[in-house]
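# Please work out how this folds:
(2 chains)
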Amino acid sequence: MKFIETLKLALAAIWAHKLRSALTLLGMIIGVMSVVVVVSLIEGFNRYVDEKIAGIGAKSFTIQRFNIFEDFKDTDTIAAATRRNKDLTLDDFEYLRARAVLVDKLGAGGRPTASQIKHGAELLEDVAVDGVTANVADIKNIDIADGRFFTETENETAARVAFLGADVANKLFPAKSPLGDEIYIAGLPYRVVGVAAVKGSVLGIPQDNFVTIPLRTYASNFGGLVRNRSLYFIATSKSDELFDDAVEESRQLMRTRRRIPARAKDNFGIITPDAITGLRDRIFGSIFIVAIVVPGIALVVGGIVIMNIMLVSVTERTKEIGIRKALGARRGDILKQFLVEAVTLSAIGGATGVFLAWIIGRVLTAVFFPTYLSLVAVFVAVSVSGGIGVLAGIFPAWKASKLDPIEALRAD
Amino acid sequence: MSDATMATPPSVVEAGALEHGDLLAHDAVPAALISMRDIWKTYQMGSEELHALRGVSFDVQRGEYMAIIGPSGSGKSTLMNLIGCLDTPSQGRYWINGKLVSAMDDDELARIRNKEIGFVFQTFNLLARATALHNVELPLIYAGISSADRHERARQSLASVELTDRMTHRPNELSGGQRQRVAIARALVNHPSLLLADEPTGALDSHTSVEIMNLFEKLHSDGNTIIVVTHEPDIAARAHRVISIRDGQIERDERIK
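Next up is the predicted model:
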């Protein structure tokens, strides 16, 4: 018997028992769907942390006043770090820039301040305004939708130019391009040179409500780069292989400059992508495992449901099996028929589950958090469901194939 | 196949035919379509042995129309299952179309059922969810015949039992007589050597029974070999030869036409 005939037979049998098939599939669909959705969320979160927070893609590290991982463990370490650590200065920046040979690009920025932005009658409160050096656009891979980022010359001369987040641009200039126009930030006029590409929102927090100005402009118009405007450096290495060496070089340079004794702690912090992903894995690793295991159980239960249905189906169709055997079906034919039926059923369940998970992922990405449909998850979920389908099908199929045709024909 | 059987006139089975069969060397392949030699079927019922058949031997030539009769419990159903290759004997030898069936395994038996035997059952045994056409196609599917050929042959077979206009109907949309004709079309579709009918009129009214028996007669005159298993004397009387079974043995084997 050809495979295509067996497949047709399986589809016909599935179609003939629509309600039963649908209920069976439901278990499989829910299992596959929840596994894929959960993995998509986790994968989306991991990628978000990698790209946006840890800067894995840009392979950059940050030097700042505090090492958030070491210093913020409890109130004692916070108090100790607050006494020990000092704000970075622009002189530190020049010092590093002159000496760090393994560092490719070295940028700097001040932490943002919530400010009032005005254009004509439009007024926006609490927009995050920060200042950076021009090369930060390269280091952070900032996407530009319109115009340009400001230049290093504009930074050096403390020019009053501004690069707007997409939301700010849309609110202040709903009808036209803001390029070349003037806006007022904290009462001072700035010329708009560029608009960032839309970033969307993460966990309900919009990512496009910001204005970036040159670091020196920020320092002179918003006050010293200390405390909440604390200065930080951001650096890339000459190559990926040199990354760890570049981090260590910067650390030693900072220690030398600050004359820290050999055994004393750093009085600054260096944040690397590995430290961030490591923290993420420590915090979320076990949560993720539970989050995957629970729908995984649903997947297995779905498989058991298929097995149960197939067993019922064999009993119910004893007569049919008898007829087929009398007409010349061999054991292998019957075995294949039931096996292919189980596998087809679970494959349909798997495919539907993946499709629904994809839709849910799209919706979640739009309204809640970026998800990423992991091909590995799809592959694993579908092969697990298919594999369970095979396992769930083998026993009933084997049972069916062993039926004595005389006995089977006698069944009602 | 039907051409071949047409060409061979039904041989006369004499009273001494069994002895003639016995004279064959044990490994010689008999010329008869069906050859049973000292067939025993024994069932183990707990500690007791139940002999459903005790040394049955007979030959059936190509083109014969034979009835097997006997009261219930006589072993006639067991004999039918053996002839139909649904089961194998505990002892003895059985050849069909020159093939020694008694030594075959399950899959080989399935192949013989598919190629050599067309079953007609008392309760029709059609697949309830399939159309008449699909039911008739079933043996061809297991014979590995391509779908286009299958449709054509199933259509022809249904036409031969005058059911061309009922091809897309399901069994529950057909009358009893029509269902049995679908079953007959299915039995014939793979051009079997033997048409084996088990109480073919048992579920039909007397008028329809006559119709079906007339059809059997026509199929016989077309050259088909037919064995009907029945307990009704007037159904058996339509055959040309009757074997009576009692207590697992052949009581009588007579030509009546």
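# Wait, residue B:90 touches residue B:40, no?
Yes. In this structure, residue B:90 is within contact of residue B:40 by CB atoms under 8 Å, at 5.1 Å. For the C-beta atoms, the positions are set from N, CA and C on the backbone; glycine is no exception.
# Kindly provide the distance from the closest residue to residue A:99 other than its chain neighbours to residue A:61.
Leaving aside its sequence neighbours, residue A:99 sits nearest to residue A:253 (CB to CB, 6 or more residues apart in numbering or on different chains; 5.5 Å). Note on residue A:253: its distance to residue A:61, by CB to CB, to the nearest Å, is 13 Å.
# who's more crowded, these two?
More crowded of residue A:253 and residue A:61, by other CB atoms under 10 Å in any protein chain shown: residue A:61, with 26 against 19.
# Doesn't the more buried one belong to a helix?
No. Read with DSSP: H, G, I helix; E, B strand; the rest coil, residue A:61 is strand and lies in no helix.
# Hmm, it is touching residue A:273, no?
Yes. If you go by CB under 8 Å, residue A:61 and residue A:273 touch, sitting 7.2 Å apart.
# Just the element for whichever residue of chain B sits closest to chain A, please.
Of all residues in chain B, the one sitting closest to chain A is residue B:114 (2.4 Å; CB to the nearest CB). Assigned by DSSP states H and E, residue B:114 belongs to helix B:106-116.
# which residues are contacting that helix?
Contacts to helix B:106-116, defined as CB atoms under 8 Å, 6 or more residues apart in numbering or on different chains, come from residues A:325-333, B:84-86, B:88, B:96-97, B:99, B:101, B:104, B:119, B:139, B:142-143, B:190, B:192-194.
# Look up which helix or strand whatever residue of the stretch 251-400 of chain A ends up closest to chain B falls in, please.
The minimum distance from the stretch 251-400 of chain A to chain B, using CB to the nearest CB, falls at residue A:328 (2.4 Å). Assigned by DSSP H and E, residue A:328 falls within no helix or strand.
# Let me know the distance separating it from residue A:211.
As for residue A:328, its distance to residue A:211 is 80 Å (criterion: CB to CB).
# now do residue A:97
According to CB to CB, residue A:97 and residue A:211 sit 26 Å apart.
# Those two - which one has more neighbours?
Using other CB under 10 Å as the criterion, residue A:97 and residue A:211 rank with residue A:211 on top: 25 against 16.
# And for residue 168, the neighbour number?
Defaulting to chain A. Residues near residue A:168, counting by other CB under 10 Å: 27.
# my question was about chain B
Around residue B:168 there are 10 other residues, counting by other CB under 10 Å.
# Following the chain onward from the least confident helix or strand in chain A by mean pLDDT, which element is next?
When the helices and strands of chain A are scored by mean pLDDT, DSSP states H and E, strand A:201-202 comes last with a mean of 70. Reading on from strand A:201-202 to the C-terminus, the next helix or strand found by DSSP H and E is strand A:205-206.
# quick one, strands of chain A?
Under the criterion DSSP state E, strands of chain A are mapped to A:60-64, A:103-119, A:122-132, A:144-147, A:161-164, A:182-185, A:188-196, A:201-202, A:205-206, A:210-214, A:231-237, A:269-271.
# do you know which of the ones you listed lies nearest residue A:411?
Shortest separation from residue A:411 across these is recorded for strand A:201-202, at 61.1 Å, computed as CB to CB.
# Who does residue B:226 form a beta bridge with?
Beta-bridge pairing of residue B:226 under DSSP bridges involves residue B:65, residue B:195.
# What residues does the residue lying closest to residue A:388 once chain neighbours are set aside make contact with?
Counting by CB to CB, 6+ apart, residue A:388 lies nearest to residue A:303, which is 2.9 Å off, once chain neighbours are set aside. By CB under 8 Å, 6+ apart, residue A:303 lies in contact with A:28, A:31, A:346, A:385, A:388-389, A:391-392.
# Next, the contact list for residue B:228, please.
By CB under 8 Å, 6+ apart, the residues touching residue B:228 are B:65-68, B:197, B:200, B:216, B:235-236, B:238-239.
# try 6 Å this time
Counting by CB atoms under 6 Å, 6 or more residues apart in numbering or on different chains, residue B:228 makes contact with B:67, B:197.
# and if you look at residue A:163?
Taking CB under 6 Å, 6+ apart, we find residue A:163 in contact with A:149, A:194, A:212.
# Now that we have those, can you turn them into TSV and tack on distance to residue A:166, pLDDT and neighbour count?
What follows is the contacts of residue A:163, written out as TSV (distance: CB to CB, whole Å; pLDDT from 0 to 100; neighbours: other CB atoms under 10 Å in any protein chain shown):
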residue	distance to residue A:166	pLDDT	neighbour count
A:149	14	96	20
A:194	11	95	21
A:212	12	96	25
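# Surely residue B:209 and residue B:201 touch.
Yes. Residue B:209 lies in contact with residue B:201 (CB atoms under 6 Å); the separation is 3.8 Å.
# Please identify which pair of the contacts of residue A:303 lies farthest apart.
Farthest-apart pair in the contacts of residue A:303 is A:31 and A:391; separation 14.3 Å (CB to CB).
# Tell me, how many residues neighbour the residue of the stretch 251-400 of chain A closest to chain B?
Neighbour count for residue A:328, taken as other CB under 10 Å: 27.
# Residues contacting stretch A:262-270, please?
So stretch A:262-270 is contacted by A:63-64, A:66-67, A:84-86, A:251, A:254 (CB under 6 Å, 6+ apart).
# I'd like the distance between the residue in the stretch 101-250 of chain A positioned nearest to chain B and residue A:129.
Taking CB to the nearest CB as the measure, the stretch 101-250 of chain A has residue A:200 as its residue closest to chain B, at 51.7 Å. According to CB to CB, residue A:200 and residue A:129 sit 21 Å apart.
# out of the two, which sits in the busier spot?
Taking other CB under 10 Å, residue A:200 and residue A:129 do not tie; residue A:129 has more neighbours (24 against 13).
# Show the pLDDT at that one.
Residue A:129 is assigned 95 on the pLDDT scale.
# State the distance from it to residue A:186.
The gap separating residue A:129 from residue A:186 is 7 Å, by CB to CB.
# between the two, what contacts are shared?
Residues touching both residue A:129 and residue A:186 by CB under 6 Å, 6+ apart: residue A:115.
# okay, now residue 218: neighbour count?
The chain I'm using is chain A. Using other CB under 10 Å, the number of residues around residue A:218 comes to 25.
# You answered for a different chain; I wanted chain B.
A count of nearby residues for residue B:218, using other CB under 10 Å, gives 12.
# Doesn't it lie inside a helix?
Yes. With three-state DSSP as the criterion, residue B:218 is located in a helix.
# And the pLDDT for it?
Residue B:218 is given a pLDDT of 94.
# Closest to the centroid, which residue in chain A?
Centroid-nearest residue in chain A, with CA atoms, centre = their mean: residue A:44, separated by 2.1 Å.
# That one contacts residue A:371, correct?
Yes. Residue A:44 is within contact range of residue A:371, at 3.9 Å (criterion: CB under 6 Å).
# which one of residue A:31 and residue A:391 has more residues nearby?
residue A:31 (28 against 15).
# Next, the contact list for that one, please.
With contacts defined as CB under 6 Å, 6+ apart, residue A:31 is in contact with A:298-299, A:302.
# Next, count neighbours for the closest residue to it other than its chain neighbours.
What sits nearest to residue A:31 in space, not counting adjacent residues and going by CB to CB, 6+ apart, is residue A:299, at 3.4 Å. Neighbourhood size, residue A:299 [other CB under 10 Å]: 24.
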